[in-house]
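**Student:** next come a sequence and a model predicted from it.
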Amino acid sequence: MLVLRTTDGEVVSEVRASNVPRFERRINEPGTWSAEVVLGYGGSAAEDLHEWVETGRYSWAVLYGDHVVQAGPVRTWQVADEERKLTVSGAGMAAEFDRRIVRNPRGHTAVTHPSEDLILRNLSVQGLMVELVRANLDQRGYQLPIVLPDPEPGPESITYHAFDLANVWDRVRDLSQREGGPEFEFRPRLVDGGRRLEWVLDIGHPRLGDEDAQLVWDNGAAIGPLDVDVDGSRTPVSRVWVKGTGAGRDLLTGVATAERPGTPPVDVVDTSHVAERRQDVLDSYAHAVLAAGQVPSGRWETTLRLGEPGAQLDEWSLGDAPLISVTGHPWLPNGTYRRRITGCSDKSLTEISLELDTVPPQGKETS
């Protein structure tokens, strides 16, 4: 584990965990990490760790070799007396934006004043994401070691009213939930010869990763057993209502419908956008929910063995869709399947747990 200053990413120390650190990374989510340190084990004296667990001021990074798999600010820590064990936990850097309010960095008065509103014009949805983050980082004292792409021009214009007191994370996530909305990730990486860490905001068009990745992983070689998890409890969706602003007869709603003869209809009400004032945006949310609800959500869970050819951490990214060669599975027919990597987490020092999207990127199997 590396310890670094959150505000500038400079590495200040290294901590030896007493077992494999825990971590999770998923598309469109901040992710988490945690580590256990036995006090006195491997030179980890308590007095050396008191400073490094200061919440927010310091971040810890989980490494496999020299590859950063997760990193972000310390959030909580606990000490177990009898076990002499320190447990430190945190989140990915994206979680910082769940604690920051959308406003104009040049605002100069009360939050209800028009000068506090963030006005964005002539951008793509991806560009709106970038400028939401940039405006927050441009405030005095709010800087973080985050690398942003250039904002893309486009037809979108929006005013974020500061008096809504909405947090940045919710507004960025809202953009990703529109119909065709882009996926995103704050990806950690070491720079300056390992002396500093920064996070890169990657934004998809609309998806992250390479959906035609040339990687081929064999079940039983590069990857371990394949578990299949399917949830159809809310499918197939027939009607969607998305609540916006207003109440009663004045409630603004987005609506989308689909005919599914032969199956019982399912109605869905989405209440996660109640501050939205634009009808076209509410309809976009509704169409996205409707499209996602036509087939059961499902994923494969497996283990990637890092020592196998093509399975190294620098050979793939979240969103990539390698070919999975399956033989002798009790449920899946023998064949080759293309599946997207939508999440990863800890397993052991030589293995990574993977979540693979079972919905083919191009709408069909390769077999």
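**Tutor:** Yes, it's here. All values derive from a computational prediction rather than experimental measurement.
**Student:** could you pull out the helices for the stretch 151-300 of the chain?
**Tutor:** Assignment of helices within the stretch 151-300 of the chain using DSSP state H, counting those that start in this stretch yields the ranges 168-176, 279-292.
**Student:** give the other helices and strands that the shortest one contacts.
**Tutor:** Think helix 168-176. Where contact means 3 or more CB pairs under 8 Å, 6 or more residues apart in numbering; DSSP states H and E, helix 168-176 is packed against helix 125-137. Heads up, the C-betas are built off the backbone N, CA and C, glycines and all.
**Student:** which other helices and strands does the helix or strand immediately after the helix it packs on in the chain contact?
**Tutor:** With elements assigned by DSSP states H and E, the helix or strand that comes after helix 125-137 is strand 146-147. Here strand 146-147 touches strand 196-203, going by 3+ CB pairs under 8 Å, 6+ apart.
**Student:** so which elements touch the strand it packs on?
**Tutor:** Other helices and strands packing on strand 196-203, by 3+ CB pairs under 8 Å, 6+ apart, are strand 2-5, strand 67-80, helix 125-137, strand 146-147, strand 184-191.
**Student:** my read is that Met93 contacts Leu144, right?
**Tutor:** Yes: using CB atoms under 8 Å, Met93 makes contact with Leu144 at a distance of 6.8 Å.
**Student:** between these two, which contacts overlap?
**Tutor:** Residues touching both Met93 and Leu144 by CB atoms under 8 Å, 6 or more residues apart in numbering: Trp199.
**Student:** which of those two has more neighbours?
**Tutor:** Using other CB atoms under 10 Å, the more surrounded residue of Met93 and Leu144 is Met93, with 26 against 19.
**Student:** what's the more buried one sitting at in phi/psi?
**Tutor:** phi -60, psi -30 (degrees, to the nearest 10).
**Student:** ok so, going back, just put the helices and strands packed on strand 196-203 in TSV and tack on mean pLDDT and distance to Gln279.
**Tutor:** Formatted as TSV, those follow (pLDDT from 0 to 100; distance: least, CB to CB, whole Å):
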stretch	mean pLDDT	distance to Gln279
strand 2-5	97	45
strand 67-80	97	37
helix 125-137	98	17
strand 146-147	98	33
strand 184-191	98	25
